[in-house]
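Trainee: sharing a sequence plus its predicted fold:
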Amino acid sequence: MRVIGLSRTTYYYKVRSKKNAAEIQTKTKRGCTPSVNSITEDGRKISNEQVKEWICELIEDEEGICYGYVKITHTLRRKYQLIINKKKVYRLCKELNVLRPQRKIKAKYPRRIARNRKVEGSNQVWETDIKYGYIVGEDRFFYVLIILDV
């Protein structure tokens with residue numbers, strides 16, 4: 001290593017990283033294998049197929065109500081006394097193909113900013129801001145309303 005001017009740790013780091021890269025390519029699965037049973041609070045084992053049937057029943061019973069996997073998890077825990085994780089319920093719902101697309105949250109009101117406006121004089125664009133504070137010695141709150149002519 002002295003001839004090249006390379007430290008020993010650099011060489012062995014490269015060898016180790018090549019070995020890890022080869023191991024990663026041979027592995028096809030990641031994570032642990034999913035369990036085939038769920039457990040109730042009194043210790044009984046329930047198969048995933050039974051849990052899938054209960055999920056389908058929950059979705060069919062409530063026609064107008066949209067159930068997400070978190071709400072289904074809470075219902076399974078409450079109604080069937082299952083000890084089950086929301087990630088497992090998500091996986092089972094995905095296998096059943098009953099997941100609905102996540103809704104997009106819209107803004108409560110349209111946000112309009114005066115960036116594209118050309119201001120040529122006064123009283124054309126105004127900005128307001130409300131500040132809130134606390135006065136320690138007097139145990140009082142105060143508000144400041146600021147109005148600016150852009």
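Mentor: Perfect, I can see it now. Residues are numbered from 1 along each chain as shown.
Trainee: low pLDDT regions in this structure?
Mentor: Within the chain, the stretches with pLDDT under 70 are 1-3, 6, 10-30, 62-65, 111-116.
Trainee: show me where it has strands.
Mentor: Listed in chain order, the strands of the chain (DSSP state E) span 37-40, 45-47, 82-83, 126-135, 140-149.
Trainee: just these: most buried one?
Mentor: Compared across the strands of the chain, strand 82-83 shows the largest average neighbour count, a mean of 17 (mean count of other C-beta atoms under 10 Å). Just so you know, the C-beta spots here come from the backbone N, C-alpha and C atoms, and that holds for glycine as well.
Trainee: need the residues that contact that one.
Mentor: S38, I39, T40, E41, I46, V51, L76, R77 (C-beta atoms under 8 Å, 6 or more residues apart in numbering).
Trainee: how about these in CSV, adding distance to E138?
Mentor: Below are the contacts of strand 82-83 laid out as CSV (distance: C-beta to C-beta, whole Å):
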residue, distance to E138
S38, 59
I39, 59
T40, 59
E41, 55
I46, 62
V51, 60
L76, 54
R77, 50
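Trainee: thinking again about what came up before, with distance to I4 added, can I get the strands of the chain in CSV?
Mentor: Putting these into CSV (distance: least, C-beta to C-beta, whole Å) gives the following:
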stretch, distance to I4
strand 37-40, 57
strand 45-47, 61
strand 82-83, 59
strand 126-135, 64
strand 140-149, 66
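Trainee: can you pick out the most distant pair from the contacts of strand 82-83?
Mentor: With C-beta to C-beta as the measure, no two of those lie farther apart than E41 and V51, at 14.5 Å.
Trainee: when the two are compared, which one has more neighbours?
Mentor: V51 (20 against 10; other C-beta atoms under 10 Å).
Trainee: for the closest residue to that one other than its chain neighbours, which residues are in contact?
Mentor: Nearest residue to V51, sequence neighbours excluded (C-beta to C-beta, 6 or more residues apart in numbering): S38, at 5.6 Å. If you count contacts by C-beta under 8 Å, 6+ apart, S38 has them with K45, I46, S47, N48, V51, L82, I83, I84, K88.
Trainee: if I look at the residue positioned nearest the centre of the chain, how far off is R91?
Mentor: Taking C-alpha atoms, centre = their mean, the centroid of the chain lies closest to Q102, which sits 11.1 Å from it. According to C-beta to C-beta, to the nearest Å, Q102 stands 17 Å off from R91.
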